[in-house]
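Chemist: Here's a sequence, model it:
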Amino acid sequence: MGGATNITVPVVSKIYCFSSQTTLMVRRRPRLVNGGGFVVMNSNQNLVFKVDGCGILGIKGELILRDGDGAPILFIRKKGGVVQALSAHNRWNSYLMDYEEPSKLVFSLREPKLRLLTKNSIKISNDTDGKNKDWSFEVKGSFIKRACTINDRRGNVVAQVGLKEMVANKDFYHVVVQPGYDQAFVIGVIAILDNIHGESTRC
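Modeler: Now for the predicted structure:
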């Protein structure tokens with residue numbers, strides 16, 4: 001059992017994989033005051049991630065995940081074009097930031113346009129060429145209700161989103177990331193879910 005915590009599953013980078021379970025607190029920023037998006041704190045109340053969306057970047061369907069010091073980690077963009085318009089899914093691509101510019105594709109998320117079809121859950125692929133239609137992770141449950149999980153292909157829970165006890169406010173919620181999984185990847189997925197559901201990262 002002890003060996004399980006030594007397994008790391010990096011998607012963005014192994015530097016964001018920790019050997020113990022981590023609880024992160026997400027707090028949405030007011031659109032009118034500082035452009036929206038959200039910040040992520042650890043249990044010591046230290047800022048570990050920040051997400052900028054349309055209110056700051058000024059472009060719909062684009063997000064930037066930053067570390068606690070403000071350095072960009074991921075550039076996330078909703079794919080457009082005629083092919084995408086005709087597809088049954090919306091696709092979001094997430095790229096590593098290299099010298100302030102998007103570089104390598106690290107994961108893509110497929111969101112079914114008809115979410116009423118329960119079998120069409122949100123799937124995430126971490127292939128690097130973007131051509132593989134297979135998936136490695138999926139989102140289950142309701143992000144709007146702050147009751148969802150990110151699971152791997154074997155059904156293991158990677159991270160769980162929930163409301164903080166005693167706080168009846170969806171602007172402040174927690175994300176529990178299991179040992180060995182990539183926290184930057186998890187927050188990148190949550191940034192996309194936030195945008196899909198028209199929350200803090202949308203204009």
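Chemist: Now do the buried residues in the longest helix along the chain.
Modeler: Longest helix in the chain by number of residues, with DSSP state H as the criterion: helix 183-196. Judged by neighbour count using 16 or more other C-beta atoms under 10 Å, the buried positions of helix 183-196 are 183-196. Any C-beta I mention is one placed from the backbone N, CA and C, and that applies to glycine too.
Chemist: beta partners of the closest residue to Gly61 other than its chain neighbours?
Modeler: Nearest residue to Gly61, sequence neighbours excluded (C-beta to C-beta, 6 or more residues apart in numbering): Lys78, at 3.4 Å. Per DSSP bridges, the residues bridged to Lys78 are Trp92.
Chemist: what ranges of the chain fall below the confidence cut-off?
Modeler: Counting by pLDDT under 70, the chain has low-confidence residues at 1-5, 33, 81-88, 114-120, 127-133, 165-168.
Chemist: would you list every one of the strands in it?
Modeler: For the chain, applying DSSP state E gives strands covering 22-28, 38-41, 47-52, 62-67, 72-78, 89-98, 101-112, 122-125, 137-142, 147-152, 157-163, 172-177.
Chemist: right, so of the ones you listed, which gets closest to Pro10?
Modeler: Closest approach to Pro10 among the strands of the chain (C-beta to C-beta): strand 101-112, 9.4 Å.
Chemist: between that closest one and helix 183-196, how many degrees?
Modeler: 60 degrees (axes from the mean of the first three to the mean of the last three C-alpha atoms, to 10 degrees).
Chemist: List the buried residues of strand 101-112.
Modeler: Buried-residue list, strand 101-112, by 16+ other C-beta under 10 Å: Pro102, Leu105, Val106, Phe107, Ser108, Leu109, Arg110, Glu111, Pro112.
Chemist: Could you do stretch 158-165 as well?
Modeler: By neighbour count with 16+ other C-beta under 10 Å, stretch 158-165 contains the buried residues Val158, Ala159, Gln160, Val161, Gly162.
Chemist: List the contacts of the last one.
Modeler: With C-beta atoms under 8 Å, 6 or more residues apart in numbering as the criterion, the residues that contact Gly162 are Arg146, Ala147, Tyr173, His174, Val176.
Chemist: Format those residues as JSON lines; extra columns: neighbour count and distance to Leu47.
Modeler: Compiled in JSON lines, those are given as follows (neighbours: other C-beta atoms under 10 Å; distance: C-beta to C-beta, whole Å):
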{"residue": "Arg146", "neighbour count": "18", "distance to Leu47": "21"}
{"residue": "Ala147", "neighbour count": "14", "distance to Leu47": "25"}
{"residue": "Tyr173", "neighbour count": "21", "distance to Leu47": "16"}
{"residue": "His174", "neighbour count": "18", "distance to Leu47": "15"}
{"residue": "Val176", "neighbour count": "16", "distance to Leu47": "18"}
